[in-house]
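[1] When you get a sec, could you give me coordinates for this:
(chains A, B, C and D)
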Amino acid sequence: MRNSEPGVEEVVSWLREQLGGALLEAKVTGRRRAFVRVDREHFKAAMIALKELGMDFLEALTGIDEGNNIEVIAHVGRSASIAVKTTVPKEDPRLPSLVYLYPGAEIYEREVWEMLGVVFEGNPRLARTFLPENWPKGVYPLRRDYEPKHPEPLR
Amino acid sequence: MALVLDVLSNLLRKRATVLYPEERREEPGTFRGVLGFDRNLCVGCGLCWRACPASAIEASKDERGARPLFRLEKCIYCYLCVEVCPRKAIKASTQRAPVVDDKSRLKVG
Amino acid sequence: MGVYLPVGPQHPIHPEATLIKLKIEGEYVVDADIDASFVHRGIEKALERKTYIQGLFLAERICGICNAAHTICYSINIESLAGIEAPKRAQWLRLIVEELARVSSHLLWLGLLAHSIGFESLFMLAFRDREAVLDLMEGITGGRVTTGYNVIGGVRRDIDAAMAHKIKSSLTQLKERVLKYKRLLGEDPIVRARTVGVGYLSSSEAKELLAVGPVARASGVSYDIRVDDPYLVHEEVPFNPVVYDTCDAWGRAMVRVDEILESIGMVTYALDNIPSGEIRARIPQFFKPPPGENIARVEAPRGELLHYVRSDGTDKPYRYKVRTPTLANLAAVIAMLRSHGGKVVHIADVPVIFGSIDPCICCTARVLVVDEKGSARETSLDDLSARRRAR
Amino acid sequence: MIPKLLQVFVYPGILYMVTLAFFLEWLDRKFVARLQNRVGPHYAGPYGLLQPLADFVKLLTKESTVPSGADGLLFTLCPVTAFIVVTTAVSFVPMTSTRGLLSTEGDVVAVLALITIYLLLVYTAGASSPSRYSLVGAVRAAHMLLGFELPLMLSCLSVVASAGSFKLSEIAAQKVWRVFGLHALGFAIFLIAAEAELDRLPFDIPEAEQEIVSGWLVEYSSWRLALLRLTKDMELLLLSGLATTLFLGGPAGPAPPSAENLLYPLYFLAKTALVVFLLSLIRASSARIRLDQFVTLCWRYLVPASFAYLMLAVWVV
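    You can find the predicted model right below:
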């Protein structure tokens, strides 16, 4: 018994209808895969539109360092997986938090914040979870400019 | 309490544990084990040490030219080198990694 | 004023290297937070430095128990990125090994559940029965746990008739054992007393907190990637997803035990109807997929696993994201650990609740731990105890 | 005088009790292992017989530490007094003949009192060390005390009522098996209460590894821990010996009068082994219940059942 979620084309057409011009790019790359790009201001509107359509499951938040800006991808959907992409300049990496839409996203946002430095405004607890306690502030390991030293043996 | 009968039935069953040093577990014989290396087949092309994900193969030389030197302590037994070697000089085996006290005995080839 | 009790990373019995910070009043847990920063290995950063073929063997070691899931997800991800299609027989073989890995992972979890409620004998018996499945895995793939079986383009070894017969016979024996455990979970008064109503997660909470896998399916959320987004030959192998709606640790136990029975059925069916043919599509020596990005999703034993790759045309991925099921369930488990809404959580329930999501923290923590200031390791220990005293 | 000293320290005395305690621990570990399809102690001595002794000696060689912030005197005093208390209790139990090493009027009450004193020592031992885990363990031990104390005592008193005497040696002399028919209830209650008193599964709540590491034992090391573990073994000997005397008709058995003092210890051994077998069976087939569930189990089922058994023992049997 398949989940009662709409198909890929239906979602993309709904987004096009809801966001109109703000939807910069939308391509369906498989039976259940679609990549959609919006700019920063309409990221919140796009997520609300998806939630109204019944896509109530946020799979993951991916952060990618693209030189001078950081791309954040929100993977939404149980059977069809829609990737909502948006870019954020490195000097001012701020995005509205998705916690009020998906309370479980708090952990994903903490991870992207810790690894890439994208601040999600409105996240109740942007606390350190995955990096060790003595990790220096402001160093984001998943950024391209970060060169990991091979850990020397303790003794 | 529902496990009482099952637990009592274990009294009649032979013990499941294997007393390791004296007895050995009979193995299916398909284990991906320690690498073997045949120097005469090897032409020193270097495909193996480029392919190794754990950089466990060192490029070294001997009188006959370039040749790989396998470090078993880093090897993860993924057998990429076995597949990539054009001359089939690297041999598969089902022998488990040896437990040694000095690292020099962990070099193969 | 609660007392702060750390169920710490070095807890001798705690299966995973996480620090659960509990605020307790008497025997009741009032608040909880999780710090999973103790076993970070930097898989995602390392994957950016390895070629696609080498990266497979790193992805395989993200998690010890569900490594079939990770390798299948990685291979499918790169294959659809590069437009390669694994041969039919390879997809059937992948399905068999994946379901066998699920059986071994769920049996391991059953042992750990028994251990967390102090049921020593069930722990011993579950692990004894799991040995049969591990021997099968070694027979088919050459490795008990780190199988190295799936590669980009197909699988490495084939299953011949003798091996198929051996699988079927030992799985039928295993099936009786698992049916006995299922009856035990249903009838044993002490097991029921320790799991029924423990770790309550209502189905609305499960949806909100984005729970996945058995945790979601035990709370009435019917979400199984093998049904919703089939990736191997799941359409051709009949199976019905297991959904319970008791929303508690007992429900999760029953979901996992039923899934073992489902998987045994799938493997036996697959062995009878497997098509013949090639098992591996050759890929070029220096493999460079075209630039682009791709998402692969697999139903790992713990839940839905997502791999995302972004390639820039070179032989190394530009970015490789792995989101493991335990990361998705972390938010749900924090909510379960707090006594809320009339449901009181005892200290004795903490291992059961945390164990009920079948945590695999090594999967979840994947970024390199690097000491910037050389001797940081020593200072952090004093710093850790200093902070504890200050609290 | 010498034979008396010899008796107290060697034969039916401390040395014999300690070897018996180690033997029972070996029996229990070996039996639970067999039930779980394992091997159990195997390497120390023939069939692992010397394993408990090996553990004891190994612990003695370890460095003995007293945690800072612990109440030093109490921390050391508790293991020693606990051992003395339990050893005196064991000396009441008739092991080699129908008369124990010590035997006075009303020594059933004395044994029960000594058991309660031991349990209070468990609480002070846990409370005296500063670690959070031992504090939680100690409070749990005290909490459990309220649960199983009453059923244990009532089942003993019911046997005293049906035997008509408070002296263990007289009860043992009657050589009456009180296990069949109505007495099976009393025997079952005693076994469950004994399992709880020995902190063994399904009632090992004060030492629950998974939750509070090893409860009140967590800060103890080397000789103190060795002594505490020996005391636990002695307690196992005490309770199974008590069960033999009260319910299985003491160390008596069909034996010609001349070979009596040779066969009685063997009978005692066989019957105690039977009791340890039953205790191990309970341990091997159950999970651990929570503290609140334990207290409800005691007060809702065990206590009324033991009262009922007391009534029956007095009027019917």
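[2] And the helices in the chain?
    Since no chain was named, I'll use chain A. A:8-19, A:43-52, A:105-116 (DSSP state H).
[3] not quite, I wanted chain D
    D:2-9, D:14-35, D:51-61, D:72-92, D:107-128, D:132-163, D:168-174, D:183-197, D:209-212, D:222-247, D:260-284, D:291-297, D:303-315.
[4] Out of these, which gets nearest to chain A?
    helix D:132-163 (20.8 Å; C-beta to the nearest C-beta). C-beta: built from backbone N, CA, C; applies to glycine.
[5] Which one of the residues in the stretch 201-317 of chain D is closest to chain B?
    Closest point on the stretch 201-317 of chain D to chain B, by C-beta to the nearest C-beta, is D:Ser285, at 4.5 Å.
[6] if I pick that residue, what's in contact with it?
    Contact analysis of D:Ser285 by C-beta atoms under 8 Å, 6 or more residues apart in numbering or on different chains lists B:Met1, B:Leu3, B:Val4, B:Val7, C:Ser121, D:Leu35.
[7] does chain B sit close to stretch C:56-72?
    Yes - part of stretch C:56-72 sits near chain B under the criterion C-beta under 8 Å from any C-beta of the partner chain, namely C:Phe57, C:Leu58, C:Arg61.
[8] Torsion angles phi and psi at the first one?
    Meaning C:Phe57. Here is the backbone geometry of C:Phe57 (degrees, to the nearest 10): phi -80, psi -20.
[9] Please work out how many residues are found near the closest residue to D:Val80 other than its chain neighbours.
    Computed as C-beta to C-beta, 6 or more residues apart in numbering or on different chains, the closest residue to D:Val80 that is not its neighbour in sequence is D:Leu227, at 6.8 Å. Applying other C-beta atoms under 10 Å in any protein chain shown, we find 20 residues neighbouring D:Leu227.
[10] Just list the residues touching the residue lying closest to C:Ser202 once chain neighbours are set aside, thanks.
    Closest residue in space to C:Ser202, ignoring its immediate chain neighbours: C:Cys247 at 5.6 Å, by C-beta to C-beta, 6+ apart. For C:Cys247, the contacting residues are C:Tyr200, C:Leu201, C:Ser202, C:Ser203, C:Ala206, C:Ala218, C:Ser219, C:Gly220, by C-beta under 8 Å, 6+ apart.
[11] so the second one, which of the three states?
    I take that to be C:Leu201. At C:Leu201 the chain is in coil, as set by DSSP: H, G, I helix; E, B strand; the rest coil.
[12] Could you measure from it over to C:Lys207?
    According to C-beta to C-beta, to the nearest Å, C:Leu201 and C:Lys207 sit 10 Å apart.
[13] Could you do D:Phe268 as well?
    Distance from D:Phe268 to C:Lys207, by C-beta to C-beta: 64 Å.
[14] The two: which has the busier surroundings?
    Taking other C-beta under 10 Å, D:Phe268 and C:Lys207 do not tie; D:Phe268 has more neighbours (26 against 19).
[15] if I look at that one, how far off is chain C?
    Distance of D:Phe268 to chain C, given as C-beta to the nearest C-beta, to the nearest Å: 29 Å.
[16] same deal with D:Leu191?
    According to C-beta to the nearest C-beta, D:Leu191 and chain C sit 16 Å apart.
[17] what's the neighbour count on the closest residue to that residue other than its chain neighbours?
    Using C-beta to C-beta, 6+ apart and skipping residues adjacent in sequence, the residue nearest D:Leu191 is D:Leu278, 5.9 Å away. The number of residues packed near D:Leu278 is 16, by other C-beta under 10 Å.
[18] Poorly predicted segments of the stretch 151-300 of chain D, please.
    D:210-211 (pLDDT under 70).
[19] follow-up on the earlier one: quick one, which of the helices of chain A is nearest to chain C?
    Taking the helices of chain A one by one with C-beta to the nearest C-beta, helix A:105-116 is closest: 4.8 Å.
[20] contacting residues around the closest one?
    Contacts of helix A:105-116 (C-beta under 8 Å, 6+ apart): A:58, A:60-63, A:65, A:70, A:72, A:93, A:97-99, A:118-120, A:123-131, A:140-143, C:210, C:323, C:327-328, C:330-331, C:367.
[21] and what of stretch D:235-248?
    Taking C-beta under 8 Å, 6+ apart as the rule, stretch D:235-248 contacts D:17, D:20-21, D:24-25, D:28, D:86, D:89-90, D:93-95, D:111, D:115, D:118, D:156, D:159, D:168, D:171-172, D:177-179, D:183, D:186-187, D:190-191, D:194, D:197-198, D:250-251, D:268, D:271-272, D:274-276, D:279.
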